[in-house]
Structures are given as structure tokens and as C-alpha cells.
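Chemist: Next input, structure requested:
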Amino acid sequence: MATERTAATLVLRLAGAGLTAAMAAIHLRLWAEGYRGLDTIGPLFLLNGVVGLLLALALLGTPVRRLAPVAAVTALFTAGTLGALVLSLTTGLFGFVESMDAELVRPTVYVEAAGVAVLAVLTVVAHSRPHRRAQAPAPHHRHRTDAGGARRG
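Modeler: All right, here's what the predicted structure looks like:
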């Protein structure tokens, strides 16, 4: 059971990091290919790309005992990014309206939706891992002795 859980955690960790890195790469590519000239949206795309890469690295490098909070933050970041995309496709975001037919929009929706799902599951799995605690040494019982050296109680 522990081996299966460890394998599942590893697969989820790698998938989550890969999806987060893919999301970051998409944002950096779009920023480099023209979004950099957009007020507000341009800097946000650059920020999203950099933070996404840092979170992907954190998912890979964080010890298992601290993985749940990192996975949760990354899931929330990815969900926020997906939410921003949905806003830009519907009502617009900071005056920018995106089209579903624009380059990389559909792949971005798939990557971000899968990222939210994988990272949410990783958060739950990492949080439910049994915590190993160092065993305390066995208590040392001292026996009282009376004035003659005989044990009491």
C-alpha cells in the first residue's frame, strides 16, 4: 500500500509539474510573440510564466512532507490563471478580449483544466500521507530506594 501511494504521489507530482511548466511556457511564448506590448496583460503574462516555472520547480524539489501546501498553492494559481482566461474569453479582462479561435487558446484551456485537476488530487494525496514521527525513547523508570537501598514502588 505504501509503495502504491508513493508511486501515485510521484506520478501526480511529475504530471502536476509538467502541466504547470507547460502553462508557464505558453504564457512566456505568447508574451514573447506579441503580448508584451499589451498594457497590464503583457506584464501579467510574463509574471505568470516566471511564477509558473518557479512553482513547477518547487513541485519537483519539495520534500514529500511539505508537498501538500505547495501543490495547493500551485492548484490555486492554475485555477486563477484558468479563471482569467475564461474572463478574457467572455467579458474581457483589463480591456483585453480573447477569442477561442486564437492561437494556443484551446491547448491552454486543456493544460490549465488538467493542471487544476491533477494538482487538486496531488494536494489531497500528499495531505493524507501518514506522517512519520521519530519514536521517543522508552521511558526510564527510576525506582525509589529506602535508606537501606531496598527498592520501593
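Chemist: I figured residue 108 hits residue 85, correct?
Modeler: Yes: contact criterion CB atoms under 8 Å: residue 108 and residue 85 qualify, at 6.3 Å. For every residue, glycine as well, the C-beta is placed using N, CA and C.
Chemist: pLDDT weak spots in the chain?
Modeler: Per-residue confidence for the chain (pLDDT under 70) gives these ranges: 1-2, 129-153.
Chemist: Which residue ranges of this protein form helices?
Modeler: 2-32, 41-61, 67-90, 105-127 (DSSP state H).
Chemist: Only C-alpha atoms, please: export stretch 49-64 in PDB.
Modeler: What follows is stretch 49-64, C-alpha atoms only, in PDB (Å, rounded to 0.1, in the frame of the first residue of the first chain):
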ATOM      1  CA  GLY A  49       5.300  32.500 -16.900                       C
ATOM      2  CA  VAL A  50       8.000  33.100 -14.300                       C
ATOM      3  CA  VAL A  51       5.900  32.200 -11.300                       C
ATOM      4  CA  GLY A  52       4.700  29.100 -13.200                       C
ATOM      5  CA  LEU A  53       8.200  27.900 -13.800                       C
ATOM      6  CA  LEU A  54       9.100  28.500 -10.100                       C
ATOM      7  CA  LEU A  55       6.100  26.600  -8.900                       C
ATOM      8  CA  ALA A  56       6.900  23.700 -11.300                       C
ATOM      9  CA  LEU A  57      10.400  23.500  -9.800                       C
ATOM     10  CA  ALA A  58       9.000  23.700  -6.300                       C
ATOM     11  CA  LEU A  59       6.700  20.800  -7.000                       C
ATOM     12  CA  LEU A  60       9.700  18.700  -8.100                       C
ATOM     13  CA  GLY A  61      12.100  19.800  -5.300                       C
ATOM     14  CA  THR A  62       9.800  20.000  -2.200                       C
ATOM     15  CA  PRO A  63      10.200  17.200   0.300                       C
ATOM     16  CA  VAL A  64       7.100  14.900   0.400                       C
END
